[in-house]
Structure formats: C-alpha cells, structure tokens
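**Q** Sequence and predicted structure below; questions after.
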Amino acid sequence: MKHLLFVILEENETTAELLRELSNEGYNGTVISSTSLKHVLRDQNEDTPFFINLSMIHSNNFVENTIINLVLDEEDLEIVKGVIRKYSEGFTKIKGGMYSTVLESYEGSF
C-alpha cells in the first residue's frame with residue numbers, strides 16, 4: 001500500500017541537509033517553495049518600500065517554507081518520518097509539521 005507523506009518545514013541549512021539525506025537514501029518526491037499565510041497577509045498590509053534596509057531582513061520579511069511530498073511504500077513511511085524527526089529535532093530545530101494519508105489509488109514510478 002502506498003502513502004503520501006506531506007511535510008512543511010521552514011527553509012534553512014538543516015532543511016537542505018535533510019533533503020540531501022533523503023535523496024542519498026534513495027527517496028524521491030516533489031519539493032515546493034512556499035510562504036505562510038501570516039507572512040502573505042502581513043506583507044500585503046505593509047507599504048512596499050523602494051529600498052530594503054537591514055531591519056527588514058531581520059524582521060523575517062523573506063521567510064520561505066519548503067513543502068515536501070513523498071509517495072512511499074508502507075514500510076518506508078516510518079523510516080522517512082524518523083529521518084525528518086531527527087533533522088528537525090522533533091520540529092524544534094526546524095519548525096514545521098508532517099502528516100500522511102493512505103493512497104487508495106496510485107500509478108507512477110516514484
């Protein structure tokens with residue numbers, strides 16, 4: 001049986017290390033850059049300046065997230081979740097979350 005593992009993580013160096021680890025272990029999936037709803041709404045409420053200063057960078061105006069979608073066999077699901085927990089230190093070192101769902105139907109070559 002196949003499972004879809006959906007992971008959202010804050011973008012940082014450890015996230016890149018996690019992705020390399022998953023790739024080195026032979027796992028493949030889709031990685032999408034995104035931003036959170038709170039950042040989109042906050043950015044729309046502020047006037048966009050012509051020049052960027054250091055205080056804007058420090059205030060996290062440029063926060064991005066990484067969305068990872070992996071189609072996994074049942075026996076690989078807990079292994080991959082364990083790798084994610086290890087690198088994120090239980091989602092304390094890398095903020096984010098994950099969930100999985102059973103795929104009733106799947107066709108493809110992931």
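**A** Nice, thanks for sending it over.
**Q** Strands along this protein, start to end?
**A** Ranges of strands in the chain, per DSSP state E, are 2-10, 29-34, 65-73, 96-102.
**Q** Run the chain-centre distance for the second one.
**A** So that's strand 29-34. Its chain's C-alpha centre and that of strand 29-34 lie 7 Å apart, by Cα atoms, centre = their mean, to the nearest Å.
**Q** List the strands paired with it, with their directions.
**A** strand 65-73 (antiparallel) (DSSP bridges).
**Q** from the chain's centre, how far out does the partner strand sit?
**A** 8 Å.
**Q** Please verify my assumption that residue 68 contacts residue 15.
**A** No - applying Cβ atoms under 8 Å as the test, residue 68 and residue 15 come out as separate, 9.1 Å apart. From N, CA and C alone the C-beta is placed, and that goes for glycine too.
**Q** By mean pLDDT, show me the worst of the strands of the chain.
**A** Ranked by mean pLDDT, these bottom out at strand 29-34, with a mean of 91.
**Q** Next, the buried residues of it.
**A** residue 29 (16 or more other Cβ atoms under 10 Å).
**Q** which residues are contacting that strand?
**A** 5, 8, 11, 19, 22, 64-71, 110 (Cβ atoms under 8 Å, 6 or more residues apart in numbering).
**Q** What ranges does the protein have for its helices?
**A** 13-24, 37-45, 54-58, 74-88 (DSSP state H).
**Q** how about the strands of the chain, which one is nearest residue 87?
**A** strand 2-10 (8.8 Å; Cβ to Cβ).
**Q** Relative to the closest one, what are the paired strands and their orientations?
**A** Counting by DSSP bridges, strand 2-10 is paired with strand 65-73 (antiparallel), strand 96-102 (antiparallel).
**Q** could the strands of the chain be laid out in TSV, adding distance to residue 81?
**A** Shown next, in TSV, are these (distance: least, Cβ to Cβ, whole Å):
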stretch	distance to residue 81
strand 2-10	7
strand 29-34	13
strand 65-73	9
strand 96-102	7
